[in-house]
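Participant: Sequence isn't available, so here's the structure alone:
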């Protein structure tokens, strides 16, 4: 199994209590959806990890890992990244995309003026943003449906309906 076949879906961010429970940060759109995948792998492991959801505490999912019964045993999983196989992701509709697939794409406006290259996506509560890097500087651009015009996979570019005049080098 190559690393390109895997998608990072979460991370064990810490332990909870003394009975070997771990805190899981899920990267799924709805955090609990992480449990819908049949196989989840730890980084550099070919065998899937077995764990179950117990409860939610703030932004974390509290889980119990199979055969982990003490806090000391759970500590070994701190900061462990969780992965799924790419083929286990759901099929997308025509107007949907996976953020990971667009990393490195060029971002342009409809006049083909370049804003830079995509380095990440974020949503701080006000809608989807693309983090772009150009000339060593990073900044955010809106990427909601009202701004996103075209994703051209062949040319590796994202076209946004944005006026270039607000952008200063």
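Facilitator: Cool, got the structure. As the structure is a computational prediction, the values presented were derived from the model and not from experiment.
Participant: Domain boundaries for the protein, per the record?
Facilitator: Listed by automatic domain parsing, the domain ranges of the chain are 3-88, 99-162.
Participant: could you redo those as JSON lines and give each row mean neighbour count and mean pLDDT?
Facilitator: Glycine gets a C-beta too; all of them are placed from N, C-alpha and C. As requested, the domains of the chain are exported to JSON lines (neighbours: other C-beta atoms under 10 Å; pLDDT from 0 to 100):
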{"stretch": "domain 3-88", "mean neighbour count": "15", "mean pLDDT": "91"}
{"stretch": "domain 99-162", "mean neighbour count": "15", "mean pLDDT": "90"}
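Participant: Once you drop chain neighbours, what's closest to residue 156?
Facilitator: Nearest residue to residue 156, sequence neighbours excluded (C-beta to C-beta, 6 or more residues apart in numbering): residue 105, at 4.9 Å.
Participant: Confirm for me that that neighbour is in contact with residue 160.
Facilitator: No - the pair residue 105 / residue 160 is not scored as a contact, 11.3 Å apart, by C-beta atoms under 8 Å.
Participant: what about residue 59, distance to residue 23?
Facilitator: Residue 59 sits 9 Å away from residue 23, going by C-beta to C-beta, to the nearest Å.
Participant: Repeat that for residue 7.
Facilitator: Separation of residue 7 from residue 23 (C-beta to C-beta): 21 Å.
Participant: so what's the backbone phi/psi at residue 108?
Facilitator: Dihedral pair for residue 108: phi -130, psi 160, per degrees, to the nearest 10.
Participant: So the closest residue to residue 95 other than its chain neighbours: helix, strand or coil?
Facilitator: Spatial nearest neighbour of residue 95, excluding adjacent residues (C-beta to C-beta, 6+ apart): residue 145 at 7.6 Å. Put simply, residue 145 is coil when judged by DSSP: H, G, I helix; E, B strand; the rest coil.
Participant: residues in contact with stretch 30-46?
Facilitator: Applying C-beta atoms under 8 Å, 6 or more residues apart in numbering, the contact partners of stretch 30-46 are 1, 6, 9-10, 24, 26-28, 47-49, 51-53, 56, 59, 61, 77, 80-85, 88.
Participant: Contacts only, for the residue nearest the centre of the chain.
Facilitator: For the chain, the residue nearest the mean C-alpha position is residue 27 (5.2 Å; C-alpha atoms, centre = their mean). Contacts for residue 27 were tallied using C-beta under 8 Å, 6+ apart; they are 8, 9, 10, 11, 34.
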